[in-house]
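Participant: Give me a 3D structure for the following:
(one chain, ligands or ions: 1)
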Amino acid sequence: MSAVGTEIDRARIRELTAGEGEKLDERTRASRGMYDRARVSLAGGVASSYQVREPWPIYLTHGEGQRVWDVDGTEYLDFHNGFGAMTQGHAHPVITRAVQERAALGTHFAAPTEDGIAVAEELARRFRLPKWRYTNSGSEATMDAIRIARGHTGRDVVMKIFGSYHGHHDAVMVSIGVEYDRIGDRENLASLPYGAGIPQAVVDLTVAVPFNDADAMERRIERLAAEGRLPACVIMEAAMMNLGVVLPEPGYLEAVRELTSKHGIVLIFDEVKTGLAVAAGGAVEHFGVVPDLVTLAKTLGAGLPSGAIGGTDEVMASVEDGRVNQVGTFNGNPLTMAAARAGLYEVLTPDAYARLHHLNERLLAGCSDVVEQYRLPGYAVGIGAKGCVTFSPVRVVDYETFKAYQDVELTELSWLWNMNRGIYATPGREEEWTLSVQHTDEAVDRYVAVFEELAAALTRV
Ligand SMILES: Cc1ncc(COP(=O)(O)O)c(C=O)c1O
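Facilitator: This is a model prediction of the structure:
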């Protein structure tokens, strides 16, 4: 792989970061006050550890269309979009109406409603998988999908991609966020717990392989078979989304499909991020490879907690005949189903996807031009509503290249720079932007203009 771009002066990055950090602290005093109050009764002052930020989180008040506002009254163009869940944009009138109408009719019965059928019908059409069930989050969807795969195959081992995030249950909180020197031998990557509280016995049942390397996956499967530990499933994102965006190399997904079919391993595409955001039928449609199970969440609920599992008749038979218990008090909740139905049938239409693709191409092209013009070490990459600028002198193809080349300092500066110029970006160094159907060409152009200002500041001599 050849290196691209020129080396950026590290002292300049640090100098700009210090200045931007001070500016953000100055501008977010109400957030600071709210943090002081919050941390007395909310652990860490937040509802989820992914909302933690040093020195304090930015608390929001409301959102409308492509914008959000913080408690200091600052308005931002939202490219974070609720960790990629708000492809519909904030307070979309169609979603608001559907939720209001449903709220007036009762929001929860723990009994099926017609909206849940209509949503399943549309998901079956889009994802080319006939049978669906609901959950309330992406984590629940991947947890239940793995149980279904285990129930169907009678096997215990879970194979995942090293560095991929699939939610916060034990089986998949393995081999994520690992330091470079602990990744291990590529043929035998380490199984490591992601944080405390995950039993070693569970960690040992999860085996990780590198992304974009079907041969390495095949060799690992064959070794596991020889040990009598053939996996129940391979769970993966068709395009990795939690290392920026890492696209599959040509032929990789097809090879994984063939390999898993050959060994009777259930192939799960975790489309919690990609599904409904990269195309109407997610990665299945975009890449044309159909797995045995798909998991959805985020965009599905149009801003309400949601999740779904879709599968083949054969694999979902284990749920239908009662071998696997796929259950939950709030599964198919009427309020969520009303929002999902309105989102699928009235908001995320073919025209909406054409518009999302137009916006993303404009944004990616604008960022690529800036990278080229200023000879930055990086590149713009994305699909559908999602993308990012990856600051790395070489193309990232898997977790190992990501860890070897990621520019933590520059990514942090880029986030601060955006926030101080009215671009609400996803916190966390591994994240990407998500556009909504309510974003405008002007918003995308503003993002590019702010990025160009950063490039100019970084390369100024
Ligand atoms: C690919 C993927 N799978 C699963 C999850 C878990 O979803 P949730 O946070 O709704 O539990 C996430 C969350 O970001 C995700 O990115």
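
Participant: what about the nearest residue to residue 290 once chain neighbours are set aside, neighbour count?
Facilitator: Distances taken as CB to CB, 6 or more residues apart in numbering put residue 128 closest to residue 290, at 5.1 Å, once the chain neighbours are dropped. Every residue, glycine included, has its C-beta placed from N, CA and C. Close neighbours of residue 128, defined as other CB atoms under 10 Å, add up to 15.

Participant: wait, isn't residue 128 in contact with residue 284?
Facilitator: Yes. Judged on CB atoms under 8 Å, residue 128 makes contact with residue 284 at a distance of 6.0 Å.

Participant: what touches both of the two?
Facilitator: Common contacts of residue 128 and residue 284 (CB atoms under 8 Å, 6 or more residues apart in numbering): residue 290.

Participant: Where does the stretch 251-400 of the chain get nearest to the ligand, residue-wise?
Facilitator: At 3.5 Å from the ligand, residue 272 is the closest residue in the stretch 251-400 of the chain, using CB to the nearest ligand atom.

Participant: Who are the contact partners of that residue?
Facilitator: Contacts of residue 272 (CB under 8 Å, 6+ apart): 138, 141, 142, 166, 167, 295, 296, 297, 298, 307.

Participant: At the geometric centre of this protein, which residue do we find?
Facilitator: Nearest to the geometric centre of the chain sits residue 273, at 3.7 Å (CA atoms, centre = their mean).

Participant: Do I have it right that residue 399 meets residue 243?
Facilitator: Yes. With contact defined as CB under 8 Å, residue 399 counts as touching residue 243 (6.6 Å).

Participant: Let me see the backbone angles for the residue of the stretch 251-400 of the chain closest to the ligand.
Facilitator: Note on residue 272: backbone dihedrals following degrees, to the nearest 10 are phi -60, psi -40.

Participant: repeat for residue 246
Facilitator: Phi and psi for residue 246, reported as degrees, to the nearest 10, are phi -120, psi 110.

Participant: which ones are touching it?
Facilitator: Shown in contact with residue 246 (CB under 8 Å, 6+ apart): 211, 212, 239, 240, 381, 396, 397, 398, 402.

Participant: Most neighbours out of these, which is it?
Facilitator: With neighbours taken as other CB under 10 Å, the top of the contacts of residue 246 is residue 211, carrying 28 neighbours.

Participant: can you tell me which residues contact the nearest residue to that residue once chain neighbours are set aside?
Facilitator: Leaving out its chain neighbours, the residue that sits closest to residue 211 by CB to CB, 6+ apart is residue 398, at 4.2 Å. Counting by CB under 8 Å, 6+ apart, residue 398 touches 161, 162, 163, 210, 211, 212, 213, 240, 246.

Participant: Just the closest of those residues to residue 202, please.
Facilitator: Residue 202 has its nearest neighbour among the contacts of residue 398 in residue 162, at 17.0 Å by CB to CB.

Participant: May I have the predicted confidence score for the closest one?
Facilitator: Note for residue 162: predicted pLDDT of 97.

Participant: distance of it from the ligand?
Facilitator: From residue 162 over to the ligand the distance is 14 Å, taken as CB to the nearest ligand atom, to the nearest Å.

Participant: Ok, residue 25 next?
Facilitator: Residue 25 is 28 Å from the ligand, by CB to the nearest ligand atom.

Participant: Give me the average confidence score over the host helix or strand of that residue.
Facilitator: Assessed by DSSP states H and E, residue 25 sits inside helix 10-27. Averaging pLDDT along helix 10-27 yields 97.

Participant: Stretch 286-295 too?
Facilitator: Stretch 286-295 carries an average pLDDT of 98.

Participant: Flag every residue of the stretch 201-350 of the chain that's near the ligand.
Facilitator: Within the stretch 201-350 of the chain, the positions near the ligand by CB under 6 Å from any ligand atom are 237, 241, 242, 270, 272, 273, 297.

Participant: Apply 8 Å and report the result again.
Facilitator: Taking CB under 8 Å from any ligand atom as the criterion, the stretch 201-350 of the chain approaches the ligand at residues 237, 241-242, 270-274, 295, 297-298, 305, 307.

Participant: Taking those, tell me the two that lie furthest apart.
Facilitator: Farthest apart among these - using CB to CB - are 237 and 305, which lie 20.5 Å from each other.

Participant: And those two? Which one has more around it.
Facilitator: Ranked by neighbour count (other CB under 10 Å), residue 237 and residue 305 place residue 237 first, with 27 against 18.

Participant: contacting residues around the more buried one?
Facilitator: 161, 164, 269, 270, 271, 273, 274, 283 are the contacts of residue 237 under CB under 8 Å, 6+ apart.

Participant: And residue 360, by the same measure?
Facilitator: Per CB under 8 Å, 6+ apart, neighbours of residue 360: 382, 383, 384, 385, 386, 387, 435.
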